[in-house]
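Participant: Below is the sequence, then the predicted model.
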Amino acid sequence: MTHAAAIPAAEAHAAPPRTRLSILTLGAIGVVYGDIGTSPLYAFREAMAQLNGTPVGEAEILGVLSLALWALILVVTVKYVLFLTRADNDGEGGVLSLMALANRGTGGPLPVILLLGAAGAALFYGDAIITPALSVLSAVEGMRSVPDLAPYISDRLVISVTLGILIALFLVQSKGTAKVAGLFGPVCVVWFGVLAVMGVAHILDAPAILTAFNPIWGGKFLFSHGVTGLFVLGAVFLTVTGAEALIADLGHFGRKAVQIGWLSLVWPALSLNYLGQGAMALEALHAATAAGKPFANADWFFTMPPDALRAPLIVLTTAATIIASQAVITGAYSLTSQAVALGLLPRMRILQTSHAERGQIYMPAINWLLLVGVVVLVLAFGSSSAMAAAYGIAVTGTMVITSLLAGYVLVRSWGWMPETMVWVIAPLLAIDLFFFGANILRVAEGGWVPLLVAAGVGVIILCWLTGRRAITRAAARQAIALDDLAASLAARPPMVVDGTAIFLTTDNQLAPSALLHSLKHGHVLHRNNLVLTVRTAGVPSVPTGQRLTIEPINARFCRGTLVRGYMDLVDLPSELGRSWPAMQAPGGTSFYLGRNSLRRGRHSRMPVWMMPVFAFLYRNAADPDATLGIPANRVVEMGSQVEL
């Protein structure tokens, strides 16, 4: 879910259509494909490494390469570029957008769809801590391929440089990506151009490598190598990690820009580079056979250029891996903000870092949690080869979930017949499950890391959803209908003071606890009172003029509903000021929030272990003023105790 847009929105929209599409395509190349574009650093090397102990001949090299090429064709090109880019939710993509779109087609949230969306979001965080660690570590390890530097490059130096780059990357996140994002596209265009040129140079040395496009090589390899073939397939999946970014960034670049970027540059460049690495492996095999020695795997990518060009290549590679890391980091911010808006996670502090682009946000809590996770991974694994085994499970799991959600969208939102849907989804799901099964075999080698992260996030989501439902039930037991309270106060009015009071609540049909406590202890009523509920729609954005609805109850009370999209960042005072004259009434405006303390009841339906987790999340959730743009000096909190 990457949202580090490379082009200011105003600039892109002001340009002529053809020029604008070119600008968007350049941005898509820099942001969407940063992750998958760095896979050649390690994917082919790691796939060949799984053959350790197995005699390697031409059939093995061509088989592994054929699997890599067809993974790019079937998973990325067919599933994501040609199909899922069309399954957008009002222009937005990604696993949570698919969840919202599938639920919108059902007339209400279905538990299975909610479960799939939550699982997909949880798995993404496992990917978000591995991508920066693996990609930057792979680039820094390339220093060992420079002959003059190799004697001085120790493991400690590699780790120190990697950590220095990563820490610096996370430290600058609060500044926003707008200033550096303009470089992403041009740098990545150069990067993919270099990949293609290096690949072609070695293909010319061994043109026979082009036969790897024949899928029979891949099929024969899998059928003849048993369990080893599955381990190789799990490593081959490294070639397509980052494919989820294609649909995650639809809202920033549009379907055409994403498709053109892949079909015109990224896919050809990646294919040529993998073919070039395969050609080098064939040449190395022939040389080893002639010398009577066994084939030896190598760091194929960094040995592709001449010695004199390796140092500049390492600089370019490091820049590309930083871009790939940036895309995943900002994707984590975007996914988290969507999850908060959809009610899957507690409120968190969200800072806007760009006036022109709504998707450029910064979330301090997520930033520092990711940094801790990345540093721990680098120190624990120590090398990109050791870390590569941990990479595929989270991504393949997310891809399986994406296919399942797409099936729901086709039937419930697009109106397809179930039989037709099966013919489309079943082949895609079968490929995803095949890759997922191959990666499950690598759990013991490090695949447990993203699963552990996903499990932790999943527990947080489960506790939050369960606790929020318990609070809603507890509030309903003690509730007073707002209409009844308004009528009672009209019949026996308390002292009225100038000003406007806005009470935020989850159900504007009921009198909020903050209002009841204000009346009980203050014995006064503001001249204008609005009981307001903020809801999140199943669409990315709601137009400003269509968000707010206010219904008068009597002379003192109104009931309001603010509906926002899950990508919208709302400034509540501004929204109210545009549509409700009472905001300009004498006496000023105060926002009243209920701040509850929780305790577990004797007959609670919440598990004992879940209560302290939910209480911690609830206590540390950001106040609504942090997510709705309410000035802190206009907030009044009224506390009460709730028994769950």
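Facilitator: Arrived safely.
Participant: for the longest helix along the chain, the distance to its chain's centre please.
Facilitator: With secondary structure taken from DSSP state H, the chain has its longest helix at helix 307-341. Its chain's average C-alpha position is 13 Å from that of helix 307-341, according to CA atoms, centre = their mean, to the nearest Å.
Participant: Could you do stretch 124-131 as well?
Facilitator: Counting by CA atoms, centre = their mean, stretch 124-131 comes out at 9 Å from the chain centroid.
Participant: try stretch 560-580
Facilitator: 25 Å.
Participant: Any buried residues in it, and which?
Facilitator: 560, 562-570, 572-573, 575-576, 579-580 (16 or more other CB atoms under 10 Å). Where C-beta positions appear, they are placed from N, C-alpha and C, glycine not excepted.
Participant: can you check stretch 151-160 too?
Facilitator: I153, V158, I159.
Participant: And the biggest strand by length in the chain, what does it pack against?
Facilitator: Longest strand of the chain, by residue count under DSSP state E: strand 524-536. Using 3 or more CB pairs under 8 Å, 6 or more residues apart in numbering; DSSP states H and E as the contact test, the elements touching strand 524-536 are strand 495-504, helix 513-522, strand 557-564.
Participant: what comes up buried for it?
Facilitator: So for strand 524-536, counting by 16+ other CB under 10 Å, buried means L525, H526, R527, N528, N529, L530, V531, L532, T533, V534, T536.
Participant: With respect to A248, which of those residues is nearest?
Facilitator: T536 (18.6 Å; CB to CB).
Participant: so that closest one makes contact with R564?
Facilitator: Yes. T536 is within contact range of R564, at 6.0 Å (criterion: CB atoms under 8 Å).
Participant: Return every residue with contacts to both of those two.
Facilitator: A341 (CB atoms under 8 Å, 6 or more residues apart in numbering).
Participant: Now E551: which helix or strand?
Facilitator: Element membership for E551 (DSSP states H and E) is strand 548-552.
Participant: tell me the average confidence for stretch 363-377?
Facilitator: Mean pLDDT, computed over stretch 363-377, is 90.
Participant: how about the CA coordinates for it, as CSV?
Facilitator: Output of stretch 363-377 as CSV, limited to C-alpha atoms (Å, rounded to 0.1, in the frame of the first residue of the first chain):
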residue,chain,number,x,y,z
MET,A,363,2.4,8.5,11.5
PRO,A,364,5.0,8.7,14.3
ALA,A,365,3.9,5.5,16.1
ILE,A,366,4.1,3.4,13.0
ASN,A,367,7.4,5.0,11.9
TRP,A,368,9.2,4.1,15.2
LEU,A,369,7.7,0.6,15.4
LEU,A,370,8.8,-0.1,11.9
LEU,A,371,12.3,1.2,12.6
VAL,A,372,12.6,-1.0,15.7
GLY,A,373,11.5,-4.0,13.7
VAL,A,374,13.9,-3.3,10.8
VAL,A,375,16.9,-2.9,13.1
VAL,A,376,16.1,-6.1,15.0
LEU,A,377,15.8,-8.0,11.7
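Participant: Counting neighbours, show which residues of it come out buried.
Facilitator: Buried, per 16+ other CB under 10 Å, within stretch 363-377: M363, I366, N367, L369, L370, L371, G373, V374, V375, L377.
Participant: Nearest approach to A474 belongs to which of the helices and strands packed on strand 524-536?
Facilitator: helix 513-522 (10.5 Å).
Participant: Turn the buried residues of stretch 363-377 into CSV, including distance to E58 and secondary structure.
Facilitator: CSV is the format used below for the buried residues of stretch 363-377 (distance: CB to CB, whole Å; DSSP: H, G, I helix; E, B strand; the rest coil):
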residue, distance to E58, secondary structure
M363, 50, coil
I366, 47, helix
N367, 48, helix
L369, 47, helix
L370, 43, helix
L371, 45, helix
G373, 41, helix
V374, 39, helix
V375, 42, helix
L377, 36, helix
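Participant: As CSV, these with distance to R468 would be great.
Facilitator: Formatted as CSV, those follow (distance: CB to CB, whole Å):
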residue, distance to R468
M363, 20
I366, 20
N367, 25
L369, 22
L370, 25
L371, 29
G373, 26
V374, 30
V375, 33
L377, 32
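Participant: one step back: nearest to V76, of the buried residues of strand 524-536?
Facilitator: T536 (31.1 Å).
Participant: Quick check: the closest one vs Y566, distance?
Facilitator: Between T536 and Y566 the distance is 5 Å, computed by CB to CB, to the nearest Å.
Participant: shared neighbours of those two, anything?
Facilitator: Contacts common to T536 and Y566, judged by CB under 8 Å, 6+ apart, are A341, L342.
Participant: Secondary structure element for L26, which one?
Facilitator: Short version, using DSSP H and E: L26 is in helix 17-31.
Participant: now that helix against helix 307-341, angle please.
Facilitator: If you take axes from the mean of the first three to the mean of the last three CA atoms, to 10 degrees, helix 17-31 sits at 100 degrees to helix 307-341.
Participant: Would you tell me what the next helix or strand after helix 17-31 is?
Facilitator: Trace forward from helix 17-31 with DSSP H and E and the next one is helix 34-37.
Participant: Just name whatever secondary elements that following helix is in contact with.
Facilitator: So helix 34-37, by 3+ CB pairs under 8 Å, 6+ apart, packs with helix 178-203, helix 245-248, helix 267-290, helix 307-341.
Participant: Go through those helices and find the least confident stretch.
Facilitator: Taking the mean pLDDT of these, helix 245-248 comes last: a mean of 74.
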